[in-house]
Structure formats: C-alpha cells, structure tokens
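1. prediction below, plus the sequence it came from.
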Amino acid sequence: MSSNADIYHEMIIDYSRNPINYGTIENPDVTFHDSNPLCGDSIDIDMKIVDDKVSDIKFHGKGCAICMACSSVLTEITKGKGIEEVRNITKHDVLSELGLENLQAVRIKCALLSLKVLKSALYSYLGKHMKDSQDVDKLKEEAANLY
Ligand code: FES
C-alpha cells in the first residue's frame with residue numbers, strides 16, 4: 001500500500017509532467033513575472049478578473065518539479081475565487097495540498113515562487129484600481145511581508 005509521502009511524490013511528478021492551467025491568456029487584466037535568482041527558474045501568471053472574481057488564470061515558465069506542481073495547485077485554488085479570497089491565500093494552503101509543509105528551507109522558494117507572482121499580480125491590479133491611498137499603503141505593507 002502506498003504511503004501518503006508516496007502519493008504526494010507521485011502527484012508532484014504528475015503535475016510537473018502535465019501542468020494544469022499552463023499557458024497564456026489573450027488580453028489579460030493583469031500579468032506578472034518573477035524568477036528565483038538562485039536557480040533562474042521563472043514564472044509568469046496571467047489573470048482575467050470579472051466582477052471582482054478571477055474568472056481565468058494561467059501560468060507559464062520553467063521550474064523544477066516542485067515549482068511546477070505548486071503553480072498548478074495554486075492556479076486551481078485561485079480560479080473562480082473573489083479578489084479578497086485570493087488575497088487571503090496562504091503558503092500553507094499551497095504546501096498542504098502536496099504534503100510539503102515540512103519542506104527544507106532551500107526548496108521553499110521553489111514551492112512559493114508562483115504564490116509570490118500571484119500576490120504581486122494581485123497587488124499590481126488592486127493598486128491600479130484602488131482610489132483610497134490608505135488601501136494602497138496597506139497593500140504595499142502586505143506585499144512587503146508576504147513570507
Ligand atoms: Fe528553481 Fe526549484 S530549482 S524553482
């Protein structure tokens with residue numbers, strides 16, 4: 001019988017070979033790119049936002065198996081959610097889906113690169129659409145304290 005660790009390992013390999021929500025969106029409402037300077041892997045995320053909800057999300061780029069698996073899981077978690085819900089997605093939400101809560105510090109950036117890109121994309125979108133400067137300041141603070 002397979003252990004949980006084996007199942008999670010298989011899920012990571014499977015997602016990395018067949019990523020979900022991989023690609024680009026034509027005329028996205030927001031797009032953002034970032035990379036992991038330690039390895040050079042990079043992720044782009046495009047989102048369509050309709051009525052304050054993420055109606056579509058896609059990612060592309062290159063990364064290790066953990067990076068690609070977490071990007072797949074994160075985009076699945078995000079799709080269809082309201083902006084406030086997306087703002088509240090935590091690293092635990094992503095890591096727990098793949099049994100990665102106890103990941104070594106050296107790999108944590110692989111797992112969370114897409115979350116960093118997603119949050120930055122959201123802040124960039126909200127920054128452009130918010131009229132209240134206090135809200136924008138709060139967003140900047142949130143962005144600075146992501147991890
Ligand atoms: Fe580059 Fe994991 S080795 S993101």
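-> Happy to help now that I have it.

2. near the ligand, which residues of the chain are found?
-> Those residues of the chain that sit near the ligand, judged by CB under 6 Å from any ligand atom, are 36, 39, 41, 63-64, 66-67, 110, 113. Where C-beta positions appear, they are placed from N, C-alpha and C, glycine not excepted.

3. any of the residues you listed buried? List them.
-> When neighbours are counted using 16 or more other CB atoms under 10 Å, the residues of the chain next to the ligand contain these buried positions: 36, 41, 63-64, 66-67, 110, 113.

4. what's the most distant pair in the residues you listed?
-> Comparing every pair within these by CB to CB identifies N36 and I66 as the most remote, at 11.0 Å.

5. show me the common contact partners of the two, please.
-> Taking CB atoms under 8 Å, 6 or more residues apart in numbering as the contact definition, N36 and I66 share the neighbouring residues C110.

6. for the protein, which spans come out with low pLDDT?
-> 1-2, 131, 143-147 (pLDDT under 70).

7. show me where the protein has helices.
-> Under the criterion DSSP state H, helices of the chain are mapped to 4-17, 65-78, 83-87, 91-97, 105-129, 133-144.

8. okay, these, which one's buried deepest?
-> Between those, helix 65-78 has the highest mean count of neighbours, a mean of 24, where neighbours are mean count of other CB atoms under 10 Å.
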